[in-house]
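J.: I'll drop the sequence and a predicted model, then ask my questions.
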Amino acid sequence: MKVVRFNFLISVFFIAGCLLSCSINAAEDQADLNRQALAAGRSGNVSNFKSLIEQGAAPDTRNRVGDSLLMTAIKSGYMDIFTLLIAHGANVNLANVDHVTPLMAAAYFGRPQMAQVLIDKQADVTAVDQMHKTAMVYAAGKGQTEIVESLLRTKKVFLDTAYENGLTALMWAGASGYVPTTQALLSHGADKSLVDNRGKTVLQMAAENGYLDVVNLLQVSK
């Protein structure tokens, strides 16, 4: 009886050891796939990247600074890789260590097609980063009128949300001289009377920076 029990215990320990070993090996294999996917994503190697994703590389893998594969594709403008990740369920709201979301990155780097896909996939248009910037502020500050209009169509954005210096999307657009973007924001009701933390309006900022077209637009707008 003791021999049987001993043999049983040996079998249990053997099986447990095998399961643990298999689990460790599987984790190492997964980590290796993810590392390869990061490298392929950086280089823009679509065929290699597709193969790795199909082998099981995690779509939400992040690099050392917290940028996801989706974020890297957006920054680099790799539409094919971006599309693959979306098709495989990548998290459209996965932010990096600075709380910058994929939609904010698309706005900053001027990727209107990507931004629209993210919006269609229910990306959070009201999310804020560490400086309290929204995707709208990023888009306005870069004169990305097409993205601004895509965000406005959601009817979910708060036009006059200011980030930590009291600057709104309209202030960013106007102070940077972006006439079409300023016009788009004004036509949707952005408040030109607001002031930043220095007490300045968008009109004063545009005038100080010499953007007379913006000044004229602001003066005639209701």
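T.: Cool, got the structure.

J.: any idea how many residues pack against E146?
T.: 16 (other C-beta atoms under 10 Å). Every residue, glycine included, has its C-beta placed from N, CA and C.

J.: let me fix that: R42
T.: For R42, the count of nearby residues is 18 (other C-beta under 10 Å).

J.: my read is that it contacts A73, right?
T.: No. When contacts are counted by C-beta atoms under 8 Å, R42 is not listed as touching A73 (9.6 Å).

J.: as a whole number, average confidence for stretch 128-141?
T.: For stretch 128-141, the mean per-residue pLDDT is 95.

J.: what's the first-to-last distance across it?
T.: One end of stretch 128-141 to the other measures 15 Å (C-alpha to C-alpha, to the nearest Å).

J.: report the buried residues of it.
T.: 128-129, 133-141 (16 or more other C-beta atoms under 10 Å).

J.: look up how far E164 lies from D191.
T.: Going from D191 to E164 by C-beta to C-beta, to the nearest Å gives 18 Å.

J.: now do G66
T.: 21 Å.

J.: tell me which of those two has more neighbours.
T.: Per other C-beta under 10 Å, whichever of G66 and E164 has more neighbours is G66, with 14 against 11.

J.: test my guess that the more buried one contacts T72.
T.: No. With contact defined as C-beta under 8 Å, G66 does not count as touching T72 (11.0 Å).

J.: which element is encountered next along the chain beyond the helix or strand hosting L118?
T.: Following DSSP states H and E, one finds L118 within helix 112-120. Toward the C-terminus, helix 112-120 is succeeded by helix 135-141 as the next helix or strand (DSSP H and E).

J.: ok, and what's touching that following helix?
T.: Surrounding helix 135-141, the residues in contact under the criterion C-beta atoms under 8 Å, 6 or more residues apart in numbering are 101, 103-104, 106-108, 115, 123, 125, 127, 144, 147-148, 151, 157, 159, 161, 163, 167-170, 172-173, 176, 178, 181, 185.

J.: just the buried ones from those residues?
T.: Using 16+ other C-beta under 10 Å as the threshold, 101, 103-104, 106-108, 115, 123, 125, 127, 144, 147-148, 151, 157, 159, 163, 167-170, 172-173, 176, 178, 181, 185 are the buried ones among these.
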